[in-house]
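*Asks:* Give me the fold of what follows.
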Amino acid sequence: MKQFAYVILHYKNMKDTLDCIHSIQEKTDSPIVIVDNHTLSTSDQKKLSRYTKDIILLEDNLGFAKANNIGIRYAWEHYRPDFVVVINNDIVITQPDFESQIMKSYQKSHFDMFGPRIDTDGGDSVNPFPVYSSLEEVEKAISRTKRNIRLFSSPLQRSLFRIYHNIKYKIVPIKHLKNGLEARTGIGLHGCALVFSKKYLKKYPDAFYNETFLYHEEEFLYYRMKRDHLISYYDPNVYCFHKEGSSLNFSFQNNYYEKELFRNKEILSSLTKLCDLMVSDQKKKGSAER
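*Replies:* Model (predicted):
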């Protein structure tokens, strides 16, 4: 049995994936499972096989949750690790004692799911991660996202938005989120770098909610954590670096509006499914109490 196994979701950006692998292998000999969302060429497959024998080639792009779940199941079945570290391919493990610090955090908290401090170059990948925690918040977010889709679908509205955006942020500086300074439990965790414990994976072989494609996986995990009385834990003494959005930017290059339209459509799909799940659970709870 291995103490740790890593799952890396690969999508198009080979350099990021190699940087991620190197950052892990410089610090540990734990197994690394690569899940490719149907993008690897034959030559890139050979290149990756120099670093790991555990490469899963998907026949289609399954998105974030489903593809990661396949990798997590594979890691669990082949290695039975105490912890599965699930990271985006644009994550770099910068902490020399990353694994030992995670074990210390587990000894303190006995977590089901864990999030490290996420360092960036001025981005908004942080822990604890601000999530929509109520049905009302999710419904409001759905309304905002529908407005965004209308905006990014209209050339005229996009032009007006660009003028407004440029004026606004010349006057009001952009405020970036910051990582918490203290360890905390019962909070939302950013999906770019997550650690699942053995006790969680025994209960939930599909670590993520399987019905989403991209975005708001954090809300589903938070909702499950609250509903099923699980332990989520953040410790700033454990850290990694996130290049943030590298894969999506690589896919769309510099086409900002196409990227934002795609992003908001996927956000709407995820939030709608979360809303449906919350409403369904409320109805079940109401029926059980009657």
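*Asks:* switch to C-alpha atoms for all contacts and neighbour counts from now on
*Replies:* Noted.
*Asks:* any chance you could map the strands in the stretch 51-200 of the chain?
*Replies:* Assigned by DSSP state E, counting those that start in this stretch, the strands in the stretch 51-200 of the chain fall at 54-57, 83-88, 91-92, 113-119, 184-185, 193-197.
*Asks:* I'd like those strands laid out as TSV, including distance to H242 and mean neighbour count.
*Replies:* What follows is those, written out as TSV (distance: least, Cα to Cα, whole Å; neighbours: other Cα atoms under 10 Å):
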stretch	distance to H242	mean neighbour count
strand 54-57	22	18
strand 83-88	8	25
strand 91-92	5	25
strand 113-119	6	27
strand 184-185	21	16
strand 193-197	9	22
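*Asks:* Turn those into JSON lines, including mean pLDDT and distance to S232.
*Replies:* Listed next are the strands of the stretch 51-200 of the chain as JSON lines, based on pLDDT from 0 to 100; distance: least, Cα to Cα, whole Å:
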{"stretch": "strand 54-57", "mean pLDDT": "97", "distance to S232": "28"}
{"stretch": "strand 83-88", "mean pLDDT": "97", "distance to S232": "14"}
{"stretch": "strand 91-92", "mean pLDDT": "97", "distance to S232": "20"}
{"stretch": "strand 113-119", "mean pLDDT": "98", "distance to S232": "5"}
{"stretch": "strand 184-185", "mean pLDDT": "98", "distance to S232": "5"}
{"stretch": "strand 193-197", "mean pLDDT": "98", "distance to S232": "10"}
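*Asks:* Now distance to N210 too, for those, in CSV please.
*Replies:* Putting the strands of the stretch 51-200 of the chain into CSV (distance: least, Cα to Cα, whole Å) gives the following:
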stretch, distance to N210
strand 54-57, 18
strand 83-88, 15
strand 91-92, 22
strand 113-119, 17
strand 184-185, 24
strand 193-197, 16
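*Asks:* Which of those sits closest to N13?
*Replies:* With Cα to Cα as the measure, strand 83-88 is the member of the strands of the stretch 51-200 of the chain nearest N13 (11.0 Å).
*Asks:* what sits up against that closest one?
*Replies:* 3-10, 68, 72, 75-76, 191-198 (Cα atoms under 8 Å, 6 or more residues apart in numbering).
*Asks:* what's the answer for stretch 202-213, then?
*Replies:* So stretch 202-213 is in contact with 62-66, 68-70, 72-73, 196, 200-201, 217, 220-221, 266, 269-270, 273, going by Cα under 8 Å, 6+ apart.
*Asks:* Narrow these to those in helices?
*Replies:* Per DSSP state H, helices hold the following members of these: 63-66, 68-70, 72-73, 200-201, 217, 220-221, 266, 269-270, 273.
*Asks:* Buried only: go through the contacts of strand 83-88 for me.
*Replies:* 4-10, 68, 72, 75-76, 191-198 (16 or more other Cα atoms under 10 Å).
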